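[1] I'd like to go over a predicted model; first the sequence, then the structure.
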Amino acid sequence: MANGTYQNILVPIDGSKQTPIVMERAIQTAIHNHAHLDILNVVQINQVTEGFATLTDMSDGKTHELVQIIEKRLRDLEKQAKDAGVESVDIHIRFGNPKLVISRDFIKDHHNDLIIIGSTGSSRIERMLLGSTTGYVVRMAKCDVIVARVKH
């Protein structure tokens, strides 16, 4: 963070119903700070979710097809950010554990100084079994984290 502003903002997207809220918050924050925006989707193997990315015993062809679908959705979000006035946007797809990729690996590689993440994208059962990705990121990330919540 230079002069009280953020330079590199990471917004992890999972395709859940919170995606529009998280994106809007990330876009407004990037515009306000004249910051670069990284839009990230982490594909977790053997994950059961209602979001963009689920890989359970998929062939290479199906994996490639899934990546193409995710990339198209991320390109739509990239266009949304640019149309709103964000000057610098990149999209990324990573494979791995979302908790570790978001809180450690990605920000180390891309020098993000802020993460804007949804309060949850997983089901109640998934949170019980696997724990909350958001909670983990808030505790473990070495940069600031904003949790965007759905207003009820």
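    Looks like it arrived, so ask away.

[2] low-scoring stretches of this protein, by residue?
    Applying pLDDT under 70 to the chain flags residues 1-4, 45-60, 120-131, 151-152.

[3] what ranges do the strands span in it?
    Using DSSP state E, the strands found in the chain span residues 8-12, 36-43, 88-95, 114-118, 144-148.

[4] same for the second one, what does it pack against?
    Identification of packing neighbours for strand 36-43 by 3 or more CB pairs under 8 Å, 6 or more residues apart in numbering; DSSP states H and E yields strand 8-12, helix 19-33, helix 60-84, strand 88-95, helix 106-110. (Glycine included, C-beta is placed from N, CA and C.)

[5] Could you measure from Val147 over to Asp109?
    From Val147 across to Asp109, the span is 23 Å (CB to CB, to the nearest Å).

[6] Buried residues, stretch 13-32. List them.
    13-16, 18-19, 21-23, 25-27, 29-30 (16 or more other CB atoms under 10 Å).

[7] could you list every residue that touches Asp113?
    For Asp113, the contacting residues are 1, 6-9, 143-144, taking CB atoms under 8 Å, 6 or more residues apart in numbering as the criterion.

[8] sorry, back to before: which of the buried residues of stretch 13-32 lies at the shortest distance from Ser103?
    Distance ranking of the buried residues of stretch 13-32 against Ser103, using CB to CB, places Asp14 first at 14.6 Å.

[9] isn't that closest one right next to Ser119, touching?
    No. Asp14 is beyond contact range of Ser119, at 11.7 Å (criterion: CB atoms under 8 Å).
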